[in-house]
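Visitor: pasted the sequence and its predicted model underneath.
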Amino acid sequence: MNRTALAVALALSSTFAAAATPRAQPDEPQSQCVTTTQIRSTKALDDQTIIFTMTNGYQWKNTLPRKCPRLKFNDSFSYKLSGTRLCDLDVITVLERPFGEIQGPTCGLGKFEKYVPPPKPAKA
């Protein structure tokens, strides 16, 4: 096989492989990470859901695979990273109130998905 034929064969095989790979729908959770230096704030909606608000205004929802005891009550957690990104394979540790340095349960994160807050009710 000459070089041109080989290049065409490689290009076609990668095109077919890409076409065969299932793609996530835009609203489906993804194995996305958030850059920790871009996190402006976090809010625990319940013991299984955290909203990450970024410095650019975007929000990401992370739904943990299991409930994390006292996450909403304390609404404070820490994490340890090997890099600068927080991903779905990382874990968080609830920080107990009122002291903040007492560690509570450690829980795994879920996948991140774009979050759009529900509209505020109109004033009557």
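Guide: Alright, I've got the coordinates.
Visitor: so the most centrally placed residue in the chain versus Gly104, what's the distance?
Guide: Nearest to the mean C-alpha position of the chain, by CA atoms, centre = their mean, lies Phe112 at 2.7 Å. Going from Phe112 to Gly104 by CB to CB, to the nearest Å gives 22 Å. In short, each C-beta sits where N, CA and C put it, glycine included.
Visitor: could you list the low-confidence segments of this protein?
Guide: Applying pLDDT under 70 to the chain picks out residues 1-31, 100, 124.
Visitor: which residue ranges form the helices in it?
Guide: For the chain, the helices defined by DSSP state H cover 3-20, 71-74.
Visitor: quick one: Val116 and Gln59 touch, right?
Guide: Yes. Look at Val116 against Gln59 with CB atoms under 8 Å: they come within range, at 7.4 Å.
Visitor: okay, those two: which has more neighbours?
Guide: Gln59 (16 against 9; other CB atoms under 10 Å).
Visitor: show me what the more buried one is bridged to.
Guide: Beta-bridge pairing of Gln59 under DSSP bridges involves Thr53.
Visitor: Tyr79 now?
Guide: Bridge pairing for Tyr79 - DSSP bridges - gives Ile92.
Visitor: mind listing what the closest residue to Met54 other than its chain neighbours touches?
Guide: Once flanking residues are discounted, Met54 sits nearest to Gln38: 4.9 Å by CB to CB, 6 or more residues apart in numbering. Counting by CB atoms under 8 Å, 6 or more residues apart in numbering, Gln38 touches Met54, Thr55, Asn56.
Visitor: now the last one. Nearest residue, chain neighbours left out?
Guide: Residue nearest to Asn56 in three dimensions, not counting chain neighbours: Gln38, with 7.1 Å by CB to CB, 6+ apart.
Visitor: so Thr53 sits against Val34, correct?
Guide: No. Using CB under 8 Å, Thr53 makes no contact with Val34, being 10.3 Å away.
Visitor: intersection of neighbour lists for these two?
Guide: Going by CB under 8 Å, 6+ apart, no residue sits against Thr53 while also sitting against Val34.
Visitor: contacts for stretch 86-101, please.
Guide: 31-36, 39, 50, 62, 68-71, 73-74, 76-79, 81, 102-112.
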